[in-house]
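Novice: the following block contains a protein sequence and its predicted model.
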Amino acid sequence: MSSPPLAPPGWSRWLVPPAALSVHLSIGQAYAWSVFKPSLESALDLDGTQSALPFQLAIVMLGLSAAFGGTLVERKGPRWAMSVALACFSSGFLIAALGAQTKQFWLIVLGYGFVGGIGLGIGYISPVSTLIKWFPDRPGMATGIAIMGFGGGALIASPWSAQMLRSFGTGHSGIALAFLVHGLTYAVFMSLGVLLVRVPRTEKPADGGPAASDGVQVSARTAVRTPQFWFLWVVLCTNVTAGIGILEKAAPMITDFFAHTAAPVSASAAAGFVALLSAANMAGRIGWSSASDLIGRKNVYRVYLGVGALMYLLIALFGDASKPLFVLCALVILSFYGGGFATIPAYLKDLFGTYQVGAIHGRLLTAWSTAGILGPLIVNWIADRQEAAGRHGSSLYGLSFGIMIGLLAVGFAANELVRPVHVRHHLPAPRKAADAQRHQSA
C-alpha cells in the first residue's frame with residue numbers, strides 16, 4: 001500500500017492518536033494470552049513453560065521485527081506499517097486456529113508467535129515517529145495516548161476471550177474457534193487505523209503546537225554506538241522483565257497464591273484480575289508518560305524501578321496473606337511496566353532528537369525481545385521446578401520474585417548513568433537538512 005496522504009491544511013493533530021489506538025488496542029491482545037494458558041495446557045497436554053512459548057516467541061519477534069523494520073517503517077510511512085501489521089497479526093491467529101483444531105501445537109507457536117509477533121513489532125512502532133512529529137511539545141503524552149492502547153488491549157480481550165471459551169468450550173475445537181474470531185475481528189478493527197492515519201506536511205502542527213526541536217539530532221546508526229542507547233536498553237529490559245513476569249502468568253499466579261486459603265480464586269475472578277492488570281497497564285501508559293513531561297524522564301524511571309522493587313518485595317513477603325495487598329502491588333507494578341513503554345520514545349527523543357527516532361525506538365525494542373524470554377522463563381521454569389519438588393501456593397514464586405528485585409536494582413543503576421549525548425554524535429546542520437530531504441524523497 002502507498003504512503004499515507006499528507007494532512008490537508010487545517011488538519012487537527014488530535015485526529016492522529018485514534019488511528020494509532022485502533023492498531024494498538026488490537027495488538028494489545030497479546031497481554032491476554034494467560035487466559036488461554038489453562039485451556040491449552042488441558043487440551044494439548046502442555047505444562048506452564050510450554051504454554052508460554054507462543055507468547056514468548058511473539059514478544060521476541062516483536063523486538064526483532066521492530067529493530068530490523070524500524071528504518072523501513074520510517075521510510076515507507078505509518079500506513080504501510082499498519083497494513084503489514086494487520087496482515088501478519090490477523091493471519092497469525094488464523095494459523096493458530098488451524099493448529100488448535102488439528103492439535104498441532106507447533107502451528108500455534110508459528111502462527112501466534114512468529115507470524116503474529118511480526119505484526120506486533122511493526123504495528124507497535126508504526127505511529128511513534130508520526131506522533132512525536134505531531135506533538136513535539138508533549139511527546140510523552142502523545143506516545144502515551146497511543147501506546148496506552150497496547151496496554152489496554154487485554155482489558156477488552158481478556159473478558160472477551162474468557163467468554164468465548166465458556167461459549168465455544170475449552171477443548172481444542174473451542175480454542176480454534178476463539179482464535180478464528182479474534183483474527184477476523186481484529187482485521188476489521190485495525191483497518192480503521194490504516195484508513196485514518198495522516199502525516200504532517202511540516203513538523204509545525206496546524207492547531208498551534210510548536211515545531212519539533214532543531215537541536216540534538218542523531219541518526220539511528222550512530223545512536224546504537226552510544227552508551228546512552230545501551231543504558232536505556234538495560235533500563236527497558238529490566239523494567240519489562242519485571243512486569244511481564246507477572247502479566248504472562250497472571251491468571252494461574254493469583255490462583256496459586258490463594259489456592260490453599262479459605263477464599264480461593266475462581267477462573268472467572270482470575271480473568272478479572274488479568275483485566276484489572278490491563279487497566280493498570282493502560283492507565284500507567286498515559287498517566288506516567290504525561291507525568292514525565294513535567295518531572296523528567298530520568299525521575300519517572302527512578303519511580304518505575306525503585307518503587308517497583310519495593311512492590312515485588314511486599315508481594316513476596318505478605319502477598320499470600322492479603323488479596324488486596326497482592327492485587328494493589330501487582331497493579332502498581334503493571335502501571336510502571338506500561339509507563340516504561342510509553343515514556344521510552346520520549347526519552348529517546350530527548351537524547352537523540354526526532355530524526356529517525358522511530359528507527360532508534362525499533363532497535364531499542366530488542367530489549368523487549370530479551371525480556372519476553374527472561375520474564376516468563378524465570379517465573380514459569382522456577383514455578384514448574386518448585387511444583388515438581390512438592391511445593392505449592394506462594395512458595396512457587398518466592399525465588400523468581402527475588403530475581404526480579406535484583407533486576408530492577410540493575411535497571412535503576414543503569415538509569416542513573418544516562419547523560420546527554422556528546423556533541424560529536426550530533427548530525428551537523430547541513431548534513432541534517434540533506435539527510436532529511438533524502439529521507440522524505442525515499
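Specialist: Yes, it's here. Numbers count the residues shown, from 1 in each chain.
Novice: which stretches of the stretch 301-442 of the chain have low pLDDT?
Specialist: 429-442 (pLDDT under 70).
Novice: can you give me the helices in it?
Specialist: With DSSP state H, counting those that start in this stretch, the ranges of helices along the stretch 301-442 of the chain come out as 323-352, 357-364, 366-388, 398-416, 429-441.
Novice: which residues in the stretch 101-250 of the chain form helices?
Specialist: With DSSP H, counting those that start in this stretch as the criterion, the stretch 101-250 of the chain has helices spanning 105-108, 116-125, 128-134, 139-168, 172-196, 220-223, 227-247, 250-257.
Novice: out of those helices, nearest to Ile333?
Specialist: Smallest distance to Ile333 across those (CB to CB): 5.9 Å, for helix 227-247. In short, each C-beta sits where N, CA and C put it, glycine included.
Novice: which stretch among the helices of the stretch 301-442 of the chain is buried most, on average?
Specialist: Of all those, helix 357-364 carries the top mean neighbour count, a mean of 28, counting by mean count of other CB atoms under 10 Å.
Novice: residues in contact with it?
Specialist: With CB atoms under 8 Å, 6 or more residues apart in numbering as the test, helix 357-364 has contacts from 66-71, 73-74, 121, 125, 128-129, 132, 218, 220, 223-224, 229, 232-233, 236, 344-345, 348-349, 352.
Novice: now do stretch 248-263
Specialist: With contacts defined as CB under 8 Å, 6+ apart, stretch 248-263 is touched by 33-35, 37-38, 48, 52, 55-56, 246, 264-265, 267, 269-271, 273-274, 277, 319-320, 323, 326-327, 330, 375-376, 379-380, 383, 392-394, 396-397.
Novice: how far does it sit from the chain's center?
Specialist: Distance, stretch centre to chain centre, for stretch 248-263: 24 Å (CA atoms, centre = their mean, to the nearest Å).
Novice: how far does it stretch from start to finish?
Specialist: One end of stretch 248-263 sits 23 Å from the other (CA to CA, to the nearest Å).
Novice: which other helices and strands contact the helix or strand encompassing Gly284?
Specialist: Under the criterion of DSSP states H and E, Gly284 resides in helix 267-295. Helices and strands touching helix 267-295, as assessed by 3 or more CB pairs under 8 Å, 6 or more residues apart in numbering; DSSP states H and E, comprise helix 139-168, helix 227-247, helix 250-257, helix 297-318, helix 323-352.
Novice: so which of those is nearest Leu25?
Specialist: That would be helix 139-168 among the helices and strands packed on helix 267-295, by CB to CB, at 4.1 Å.
Novice: what residues sit buried inside the closest one?
Specialist: Of the residues in helix 139-168, 139-162, 164-165, 168 count as buried by neighbour count, 16 or more other CB atoms under 10 Å.
Novice: show me what that helix is packed against.
Specialist: helix 16-27, helix 128-134, helix 172-196, helix 267-295, helix 323-352.
Novice: contact partners of whichever helix or strand comes after the first one?
Specialist: If I follow you right, that is helix 16-27. Later in the chain than helix 16-27, the nearest helix or strand by DSSP H and E is helix 37-44. Outside helix 37-44, the residues that touch it by CB under 8 Å, 6+ apart are 46-48, 50-52, 100, 103, 105, 108, 165, 170-172, 174-175, 249, 251-252, 267.
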